[in-house]
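Undergrad: here's a sequence, model it:
(chains A and B)
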Amino acid sequence: MHINTFDHYQTRNSLIHRLDPRVKVVVTVLLILSNVILPDGAWLAFALTWGMLLFCSLFARISPRFLITRSFVALPFAFAAVTAIFTIPGQAVFEFNISSWHLTASDAGLIRFFSILIRGWISVQMAILLTASTPFPDLVHALRHLRIPDIIVATISFMYRYLFVLSDETVRLLRAREARSASLTGKRKRGGSIRWRARVAGSMAGQLFLRSYERSERIYNAMLARGYRGTLMTLNPHEMQPKDWALGVIALVMLVIIQIVGRNYSG
Amino acid sequence: MLPTLPLLRPDALHIPDGFLNLTVAIIFWILTVIFIGVAVRKTRGQFGERQIPLMGVMAAFIFAAQMINFPVAGGTSGHLLGGALAAIVLGPWAGMLVMTTVVGVQALIFQDGGLVVMGANIFNMGLLTALIGYGLYRGVQGRSRKARLTIAGVAAWLSVVAGALLTAFQLWLSGTSALRVVFPAMLGVHVIIGVGEALITVAALAFIWQTRPDLLTEEEPKGGRGWIFGGVLISLAVVLISPLASAFPDGLERVAMNVGFIGTGLDAPFEILPDYTLPFLGETGMSTILAGIVGMVVVAGLALGVMWLLRRPAQAES
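TA: Just a heads-up that it's a prediction; the model follows:
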């Protein structure tokens, strides 16, 4: 499996890409926070936020289409908010029956539903832009500078390194199972009972665990052989430049404007 | 049950940003940070210098193991979440850290779950599952293989159900979903998903037992006996609350409103609508509360009975 299989980093040479990862992480989190605290129905503020996001993505030379297509990962969760349409009291907008249920959609409910949906949709695009414009190792580095405990940062960077190796291992296990569970064409049912199938899957998980465990021992030995003393070191200093500060401040000002707009012009 | 179909994946627990309000998100960030802080301190020295490579690779393992599925009826498939398994094989604190890493990376790389709500996601999928998984398992540590596997299965099942219930509660407290819909939906789906989790966890442990028994039968348990207390307490809470909340969601909403819990949210709709009344509530609130108490006693008795039954073979065999 190639190292880029999971990573959605888009290699470009842009202002956003060269920005210090710390600034990007903090600004992304603040933007999402701002989104969360915007009142329901603050359409203008939502539009402003999205505009700002589009602007950034153009600057990063990442097409908005990429953001939008990838943003559908969060879509299934929209179902969780559907109930808001019918349970929040307000002016009835439309009503219909599903078998024995009588459902009435209220205006307040619809406003809430679409607000939640838009909030989630813009937020996920921001997170996508962050990962698309920052190589993951840099992102992890930013976490270290942002005072996330060393052990977690080191674990994340290790996990990232072996994600591909172990996913490959899993794909091989899955392929082996596939190869061994033959079925007649046209017959959809194959394999034994659910319990049996679960046991096969469980044995695979156990197998994967042991391989991983033993691999971690080999890795540790290899690290020892190369002079590991319990901490990971880096050659990348990551220093904040004036332009990093400047862009961070600009983003903050934008956020304040968005909040003011959101609180004064909500629908 | 159409709306719950997409929820038939473990992803259903990865809450995206925007679906929880700030208050709920912050409360769970605080809880998560406290747990992680303790876990960082407690795991220091557990594995020595080996710790970082071991935990990193184990996190990658959980991530990869979540890809392993097995077909269940109707095009759905059983998956592993892995919190209970991680806690049982690595110990509770290390398991929590590993799961934290997994959830964090899923959010950072794949946008599977949001950033501001990550505290809640880590808590639901990583901390709660590890606590229940290890807590129940610790209670039978040193007993027969069969007892340990049985309890591991029960713990794995409960951990998934608990994670789902907490997710439902968070969505409700944020004013995103109506409790009387989201609670039974999440419960119904994860009661089934949990069976897959339990089966895989038990089979994986049985496999490890056969090939590397030394990893599971260590002399010194990885956590103190306090875990039993925590695990049993939370499991009991889950077992008690689920039927209660499914049967009387309106009562629960009423109580929450009376206490003023809903409305703490900055943008909870209930605050804007003070005359919010519950048409489904019976004539008096009193009858609901009484029924709730009766139900609770019945369920508590059932739960204790089941726990007692599950423990007996363990004592008989050892």
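Undergrad: CA atoms for contacts and neighbours, from now on please.
TA: Fine.
Undergrad: give me the pLDDT value at the residue nearest to residue B:36 when sequence neighbours are not counted.
TA: With CA to CA, 6 or more residues apart in numbering or on different chains as the criterion, residue B:36 has its nearest non-adjacent residue at 6.8 Å, and that residue is residue B:97. Looking at residue B:97, its pLDDT stands at 93.
Undergrad: for residue B:97, give its distance to residue B:231.
TA: Separation of residue B:97 from residue B:231 (CA to CA, to the nearest Å) stands at 18 Å.
Undergrad: so those two - more neighbours on which side?
TA: Set residue B:97 next to residue B:231 and count neighbours by other CA atoms under 10 Å in any protein chain shown: residue B:97 wins out with 29 against 25.
Undergrad: next, the contact list for the more buried one, please.
TA: A:152, B:36, B:39-40 (CA atoms under 8 Å, 6 or more residues apart in numbering or on different chains).
Undergrad: what residue ranges in chain B score low on pLDDT?
TA: B:1-12, B:73-76, B:218-220, B:246-318 (pLDDT under 70).
Undergrad: right, is the helix or strand containing residue A:32 up against chain B?
TA: Assigned by DSSP states H and E, residue A:32 belongs to helix A:21-37. Yes: judged by CA under 8 Å from any CA of the partner chain, helix A:21-37 comes into contact with chain B through A:29, A:32-33, A:35-37.
Undergrad: quick one on the thing from earlier: and the contacts of residue B:97, which two are the farthest apart?
TA: Maximum pairwise distance among the contacts of residue B:97 (CA to CA): 10.4 Å, between A:152 and B:39.
Undergrad: for the two, work out which one has more neighbours and name it.
TA: Each of residue A:152 and residue B:39 has its neighbours counted (other CA under 10 Å); residue A:152 has more, 23 against 17.
Undergrad: so the more buried one belongs to a helix, correct?
TA: Yes: checked against DSSP: H, G, I helix; E, B strand; the rest coil, residue A:152 lies within a helix.
Undergrad: and it, what's its pLDDT?
TA: For residue A:152, the pLDDT comes out at 89.
Undergrad: tell me the spacing between it and residue A:29.
TA: Taking CA to CA as the measure, residue A:152 falls 19 Å from residue A:29.
Undergrad: next one: residue B:53
TA: 29 Å.
Undergrad: more neighbours: those two, which one.
TA: It is residue B:53, of residue B:53 and residue A:29, that has more neighbours when counted by other CA under 10 Å, with 27 against 19.
Undergrad: ok, back up a step: quick check, nearest of the contacts of residue B:97 to residue B:123?
TA: So of the contacts of residue B:97, ranked by how close each gets to residue B:123 (CA to CA), first place is residue B:36, at 9.8 Å.
Undergrad: list the buried residues in the strand or helix carrying the closest one.
TA: Assessed by DSSP H and E, residue B:36 sits inside helix B:22-43. For helix B:22-43, the buried set under the neighbour-count rule, 16 or more other CA atoms under 10 Å in any protein chain shown, comprises B:22-26, B:28-29, B:31-32, B:35-36, B:39-40, B:43.
Undergrad: what residues sit buried inside the helix holding residue A:32?
TA: For helix A:21-37, by 16+ other CA under 10 Å, it's A:21-25, A:27-37.
Undergrad: could you do stretch B:64-74 as well?
TA: Neighbour count says stretch B:64-74 has B:64-72 buried, by 16+ other CA under 10 Å.
Undergrad: near chain B, which residues of the stretch 1-150 of chain A?
TA: Residues of the stretch 1-150 of chain A lying near chain B (CA under 8 Å from any CA): A:6-8, A:29, A:32-33, A:35-37, A:39-40, A:73-74, A:76-77, A:79-84, A:87-89, A:112-113, A:116-117, A:119-120, A:123-124, A:127-128, A:131, A:136, A:149.
Undergrad: go again using 7 Å as the cut-off
TA: A:7, A:29, A:32-33, A:36-37, A:39, A:74, A:76, A:79-81, A:83-84, A:87, A:116, A:119-120, A:123-124, A:127-128, A:131 (CA under 7 Å from any CA of the partner chain).
Undergrad: can you turn the buried part of these into a ChimeraX selection?
TA: Buried residues among these (16+ other CA under 10 Å), as a ChimeraX selection:
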select /A:7,29,32,33,36,37,39,74,79,80,81,83,84,87,116,119,120,123,124,127,128,131
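Undergrad: helices of chain B, start to end?
TA: B:22-43, B:51-65, B:83-90, B:92-110, B:118-122, B:128-139, B:145-173, B:179-211, B:226-247, B:249-259, B:269-272, B:285-317 (DSSP state H).
Undergrad: report the backbone C-alpha coordinates of the first one in PDB.
TA: Same thing as helix B:22-43. C-alpha atoms of helix B:22-43 as PDB (Å, rounded to 0.1, in the frame of the first residue of the first chain):
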ATOM      1  CA  LEU B  22     -20.200  24.000  22.800                       C
ATOM      2  CA  THR B  23     -21.200  23.300  26.400                       C
ATOM      3  CA  VAL B  24     -21.500  19.500  25.800                       C
ATOM      4  CA  ALA B  25     -18.300  19.500  23.700                       C
ATOM      5  CA  ILE B  26     -16.300  21.400  26.400                       C
ATOM      6  CA  ILE B  27     -17.600  19.200  29.200                       C
ATOM      7  CA  PHE B  28     -16.400  16.100  27.400                       C
ATOM      8  CA  TRP B  29     -13.100  17.700  26.500                       C
ATOM      9  CA  ILE B  30     -12.500  18.400  30.200                       C
ATOM     10  CA  LEU B  31     -13.400  14.800  31.200                       C
ATOM     11  CA  THR B  32     -11.200  13.400  28.400                       C
ATOM     12  CA  VAL B  33      -8.300  15.600  29.300                       C
ATOM     13  CA  ILE B  34      -8.400  14.500  32.900                       C
ATOM     14  CA  PHE B  35      -8.500  10.900  31.900                       C
ATOM     15  CA  ILE B  36      -5.700  11.200  29.400                       C
ATOM     16  CA  GLY B  37      -3.600  13.200  31.900                       C
ATOM     17  CA  VAL B  38      -3.900  10.400  34.400                       C
ATOM     18  CA  ALA B  39      -3.300   7.800  31.700                       C
ATOM     19  CA  VAL B  40      -0.100   9.500  30.500                       C
ATOM     20  CA  ARG B  41       1.200   9.500  34.100                       C
ATOM     21  CA  LYS B  42       0.200   5.900  34.900                       C
ATOM     22  CA  THR B  43       1.600   4.400  31.700                       C
END
